[in-house]
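Visitor: everything below, folded, please.
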Amino acid sequence: MIRVLTWNVWWRFGPWQARADAIATTLATLDCHLIGLQEVWADHHHNLAAQLADHLGMHWTWTPSDRPHRWHRRLPGTTADVGNAILSTWPILDHATLRLPATGGRDDGHQALHALVDAPAHPIAFFTTHLNSAPHESAVRYAQVAALAQFVADHRHHTAFPAILTGDYNALPDSDEMRLLGGYRTAPAVPGQTLLDAWEYAHPDTPAATWDPANPYAARTHEPPARIDYIHLTPPGPGGL
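Guide: All right, here's what the predicted structure looks like:
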């Protein structure tokens, strides 16, 4: 069994220093093989992904936003970079980055990150991403998903094991952009490519909110609870692999 996690670690908002220790402790407890992280911070001295990988004994790769000043405006006095990262129990053979489009929305330099992981039985094409967040930016996220789906298709490497895609999409499961990503409730963005929502296999009837006003920081937005973070898989390989 392969354990996979996706987590937006919320950059340097709130009590980020204390949260870094809590994140490391939680990840050690969960003992995951593959981890997709969004809003990872880095400065001239430290990179959160590197710190976590060192703590967990994992391999890592990351990609920063090319527009960090957009983030700095939200936290005056902060100069840290922000980006996505992948942590892996197994060596990372290759990696690639996709700059996501933002036409018609706020351009915060969102990207998608790919890592080809040297897992014991078969290589695994693993991805993580973070899309625009404003509720009204569904059309922007739709375009980002279309680019993301092609990125997955271009980097699947045709391994026998399904590609794994993780991320914070800031979108509801029945939104246009998430249906496009899946490709099995509407025409897929890439002909013939479907991405299956792992939640529908694992826990479809249990509470699913990853944005929850029970968290006092989330409550400040006055938005309802929602599932906006996902793990997707391409269809199983031969024999249900």
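Visitor: hey, let's count contacts and neighbours off CA atoms from now on
Guide: Noted.
Visitor: pull the contacting residues for residue 134.
Guide: Going by C-alpha atoms under 8 Å, 6 or more residues apart in numbering, residue 134 touches residue 170.
Visitor: pLDDT wise, what is it at?
Guide: Looking at residue 134, its pLDDT reads 95.
Visitor: how about residue 206?
Guide: Residue 206 is assigned 83 on the pLDDT scale.
Visitor: I'd assumed it was in a helix, is it?
Guide: No - according to DSSP: H, G, I helix; E, B strand; the rest coil, the state of residue 206 is coil, so it is not within a helix.
Visitor: please begin residue numbering at 13 from this point
Guide: In the new count, where the first residue is 13, that last one comes out as residue 218.
Visitor: residues near it, how many?
Guide: Other residues within reach of residue 218, judged by other C-alpha atoms under 10 Å, total 8.
Visitor: one more: residue 127?
Guide: 26.
Visitor: element containing it?
Guide: Element membership for residue 127, per DSSP states H and E: strand 123-129.
Visitor: run the chain-centre distance for that strand.
Guide: How far strand 123-129 lies from its chain's middle: 10 Å, per C-alpha atoms, centre = their mean, to the nearest Å.
Visitor: average pLDDT across that strand?
Guide: The pLDDT scores in strand 123-129 average 98.
Visitor: show me what counts as buried in that strand.
Guide: 123-129 (16 or more other C-alpha atoms under 10 Å).
Visitor: as a markdown table, those residues with distance to residue 61 would be great.
Guide: Formatted as a markdown table, those follow (distance: C-alpha to C-alpha, whole Å):
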| residue | distance to residue 61 |
| --- | --- |
| 123 | 16 |
| 124 | 16 |
| 125 | 13 |
| 126 | 15 |
| 127 | 14 |
| 128 | 17 |
| 129 | 17 |
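Visitor: just the pLDDT for residue 253.
Guide: 87.
Visitor: so how far is residue 67 from the closest residue to it other than its chain neighbours?
Guide: Using C-alpha to C-alpha, 6 or more residues apart in numbering and skipping the chain neighbours, the partner closest in space to residue 253 is residue 173 (6.3 Å). Distance of residue 173 to residue 67, given as C-alpha to C-alpha, to the nearest Å: 28 Å.
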